[in-house]
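*Asks:* Just the structure for this:
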Amino acid sequence: MPQRRQDASQQVRGRRDECLPELRNQSKNHAKFGSAVLPPKSFIPVAAPVIGDLELKYVTDAVRSGWVSSIGPYLERFERGFAAFCGARHGIAVCNGTVAIHLALRALGVGPGDEVIVPNLTFAATAHAVLETGAEPVFVDASPESWCLDPVATARALSPKTRAIIPVHLYGHPADMTALAGLATEHGLHLVEDAAEAHGARVGVSRVGALGTVGAFSFYGNKLMTTGEGGMLVTNDDALAERIRFLKDHGMSKERRYFHTELAFNYRMTNVQAALGVAQLEQVERFLEQKRRIIQWYRQRLSSRTDVQLNPSLDGYENAYWMASVVLGAKVPLARDAVASMLKAAGIDTRPFFVPMTELPHLSRYRAVGVEGPGCPVAARLGSRGLNLPSGCSLSEADVDRVCEALVQALSLPVQ
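*Replies:* Residues are numbered from 1 along each chain as shown. Below you'll find the model as predicted:
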């Protein structure tokens with residue numbers, strides 16, 4: 001699951017006002033992708049939203065219409081359009097990606113006494129959503145090939161208490177949905193896709209999100225497409241969609257206003273946010289194309305190196321490349337954080353991989369399962385050696401040149 005905090009460094013935040021004049025002089029590549037809110041060209045952020053005239057037009061229209069809260073035409077357009085994009089019958093917009101997962105689990109009846117399979121390598125919100133239902137997460141190791149939930153370890157982790165599996169399509173690469181769907185069918189489990197980082201990724205010809213029981217997306221500011229904060233659930237299950245809509249709106253009866261039949265909360269998205277989402281959705285294929293272009297630039301410069309592993313790209317899968325990522329090899333003399341510090345000194349923002357869930361103090365007591373025994377060695381290695389590089393759609397090839405030059409220089413330095 002994605003981080004929910006601002007990814008730019010304090011240097012970016014502190015210099016935002018002073019850099020506004022420079023924003024008017026973006027490179028041709030930046031102009032092509034709208035007015036991304038970026039700091040000066042001397043600093044390369046790890047991610048930044050692409051916001052242009054179309055977004056301004058739709059948001060202005062929503063505000064002027066008076067439909068600024070949780071009802072309005074842009075909400076309907078966004079839900080229909082995003083569901084169609086994913087190949088699903090239903091799209092239900094919510095206020096963020098974290099509540100999307102919680103709402104999905106709640107609607108499926110997951111609760112106290114249940115266990116839910118969660119990747120050990122994910123953003124903490126995936127596990128927190130499980131705990132909010134009263135169920136317990138069981139943390140499972142990552143596949144070294146995909147960086148996602150390992151199906152063999154998942155099979156080992158199942159118990160009579162298991163109620164659901166949450167595959168996370170980490171950094172844009174889909175999990176092994178064929179194997180995981182087989183396990184879910186065999187054992188009568190729900191398959192809840194955490195697709196927060198994988199808008200547009202595919203397994204075969206099918207896009208993620210509608211491959212399981214229900215799929216959860218995030219539209220946080222650093223995602224492929226954004227509504228500032230926001231999320232979406234997609235499903236082909238009519239009854240489940242109706243249940244989700246009921247629970248996201250205080251559990252209020254459709255027949256009798258202000259009559260509530262069970263505990264529920266306000267998880268709604270606003271029409272203004274949805275207006276931003278509609279504009280972003282109309283450009284999503286262009287964004288995906290630019291992500292593929294960016295990862296190709298990185299591959300051209302780094303794929304010959306034996307000391308870094310780039311994003312997986314497995315046969316039969318289409319990675320959405322939310323983040324251009326590298327995993328440092330065991331022979332790299334510098335620690336990952338030291339490499340990140342060197343890049344920061346060169347004016348390049350990076351982001352470490354997620355800390356494995358079992359390394360977080362409040363989650364360390366929960367069961368962890370690997371392919372061959374307890375513990376999650378692959379997640380531990382990836383979590384300590386992985387680094388996300390600048391990946392925003394406004395990135396130019398010259399920016400990638402600069403990032404790779406600084407990275408290669410850092411990798412070449414001996415330990416002092």
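*Asks:* going forward, measure contacts and count neighbours with C-alpha atoms only.
*Replies:* Noted.
*Asks:* residue contacts, residue 168?
*Replies:* For residue 168, the contacting residues are 1, 119, 122, 148-149, 174-175, 193-196, by CA atoms under 8 Å, 6 or more residues apart in numbering.
*Asks:* Reformat those as CSV; add pLDDT and distance to residue 113.
*Replies:* Converted to CSV, those look like this (pLDDT from 0 to 100; distance: CA to CA, whole Å):
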residue, pLDDT, distance to residue 113
1, 45, 24
119, 99, 19
122, 99, 23
148, 99, 26
149, 99, 23
174, 99, 29
175, 99, 26
193, 99, 21
194, 99, 22
195, 99, 26
196, 99, 27
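*Asks:* of all those, which two lie farthest apart?
*Replies:* 149 and 196 (14.9 Å; CA to CA).
*Asks:* Residue 184 and residue 115, how far apart?
*Replies:* Noted for residue 184: a distance of 13 Å to residue 115, by CA to CA, to the nearest Å.
*Asks:* I misspoke; the intended subject was residue 383.
*Replies:* 24 Å.
*Asks:* Please apply the same query to residue 326.
*Replies:* 32 Å.
*Asks:* Also residue 82?
*Replies:* To residue 115, residue 82 is 30 Å away according to CA to CA.
*Asks:* what residues are up against the nearest residue to residue 170 once chain neighbours are set aside?
*Replies:* Leaving aside its chain neighbours, residue 170 sits nearest to residue 148 (5.9 Å; criterion: CA to CA, 6 or more residues apart in numbering). Contact analysis of residue 148 by CA under 8 Å, 6+ apart lists 119, 121, 142, 167-170, 173-176.
*Asks:* how far away is residue 148 from residue 183?
*Replies:* From residue 148 over to residue 183 (counting by CA to CA), the distance is 16 Å.
*Asks:* Equivalent analysis for residue 107, please.
*Replies:* Taking CA to CA, one finds residue 107 at 21 Å from residue 183.
*Asks:* ok, residue 117 touching residue 165?
*Replies:* Yes. Counting by CA atoms under 8 Å, residue 117 touches residue 165, with 4.6 Å between them.
*Asks:* what bits of this protein have low per-residue confidence?
*Replies:* Where the chain drops to pLDDT under 70, the residues are 1-41, 415-416.
*Asks:* can you give me the strands in the stretch 101-250 of the chain?
*Replies:* For the stretch 101-250 of the chain, the strands defined by DSSP state E, counting those that start in this stretch occupy 115-119, 136-140, 162-165, 190-194, 202-203, 206-207, 214-218, 231-235.
*Asks:* Any idea what residue 162 is bridged to?
*Replies:* Under the criterion DSSP bridges, residue 162 forms beta bridges with residue 115.
*Asks:* Can you give me every residue that contacts it?
*Replies:* 114-117, 189.
*Asks:* Test my guess that residue 157 contacts residue 138.
*Replies:* Yes. At 7.3 Å, residue 157 counts as touching residue 138 under the criterion of CA under 8 Å.
*Asks:* Could you name every residue contacting both of the two?
*Replies:* 117, 369.
*Asks:* can you pull out the helices in the stretch 51-200 of the chain?
*Replies:* All helices of the stretch 51-200 of the chain, identified by DSSP state H, counting those that start in this stretch, fall at 53-65, 73-86, 97-107, 124-132, 151-157, 177-187.
*Asks:* Which one, of these, ends up nearest to residue 281?
*Replies:* When the helices of the stretch 51-200 of the chain are compared (using CA to CA), the closest one is helix 73-86, at 7.2 Å.
*Asks:* Next, the angle strand 231-235 makes with that closest one.
*Replies:* 50 degrees (axes from the mean of the first three to the mean of the last three CA atoms, to 10 degrees).
*Asks:* residues in contact with helix 73-86?
*Replies:* Here helix 73-86 makes contact (CA under 8 Å, 6+ apart) with 62, 89-93, 200, 206-210, 232, 234, 269-272, 274-275, 277-278, 281.
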